[in-house]
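**Student:** with the sequence up front, the predicted model follows.
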Amino acid sequence: MKNKITIGAIAFLSVFASCKKEESAKGPLIPGLETTSIDLRQQEIHYGAAPVLLDFDNDGTRDFIFNVTLVGDPLLGVDKRKFMAGSGIHSLFAVNDQQQVPCMNKGENISLENFNGYDWNLVSAVMLVERWENATGQITWHGNWKGAVKKYLPFQIVIDSMRHTGWVELSIDIASQKVVLHRAAYTKEPEKEIKAGE
């Protein structure tokens, strides 16, 4: 596993200690693979709202954060609302060299090892999608998660020095300018691969 600290990850870590935990529900999602499933209760991430912090393994350390940041770009003359996801000191995202995470379809295999140009990284801050607004009020959307409906964000969490693979099911609602978190799951047994959404 490659330990790579990206810009903005430190800020994400500073808020990991402040929000309430998510409740987990245990249960298998597919025969033969024991998983821990989590109902994310359609939580919404939008501009101006508090970050959503998730502690999937209930160890008191926040595993993931979702939030929206506003960045002005004077060179392009646009304001950018960046819909971000961040991993922590015991959690990993698969990240490519453009600092993007894969937008996976149901049934795609989530590998334990690096795959298709994506490397597993600790403490990552990545953009799912961006909303650009220029001085005339024109709005455009950018990013490989643009318009995603119930797609899967792969992750790994490290428990007792062992990797557990998992996914977060989420949607990008451009009309309402928000990210919606539906559900998540990860393997109970370490060092096992999982299929997205199953």
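**Tutor:** Perfect, I can see it now.
**Student:** now the most centrally placed residue in the chain: which helix or strand?
**Tutor:** In the chain, the C-alpha nearest the mean C-alpha coordinate belongs to A85, at 4.5 Å (Cα atoms, centre = their mean). Following DSSP states H and E, one finds A85 within strand 78-87.
**Student:** which strands border that strand, and is each parallel or antiparallel?
**Tutor:** strand 64-73 (antiparallel), strand 125-134 (antiparallel) (DSSP bridges).
**Student:** contact partners of the last one?
**Tutor:** This points to strand 125-134. With Cβ atoms under 8 Å, 6 or more residues apart in numbering as the contact definition, strand 125-134 has outside contacts at 6-9, 11-12, 76-86, 93, 95, 99-101, 139-143, 145-146, 148, 153, 170, 172, 177, 179. For every residue, glycine as well, the C-beta is placed using N, CA and C.
**Student:** next up, the contacts around A135.
**Tutor:** So A135 contacts G77 (Cβ under 8 Å, 6+ apart).
**Student:** still on that earlier bit, distance to D39 added to the strands paired with strand 78-87, as JSON lines?
**Tutor:** Compiled in JSON lines, these are given as follows (distance: least, Cβ to Cβ, whole Å):
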{"stretch": "strand 64-73", "distance to D39": "15"}
{"stretch": "strand 125-134", "distance to D39": "21"}
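**Student:** so which of those is the most packed in?
**Tutor:** Of all those, strand 125-134 carries the top mean neighbour count, a mean of 20, counting by mean count of other Cβ atoms under 10 Å.
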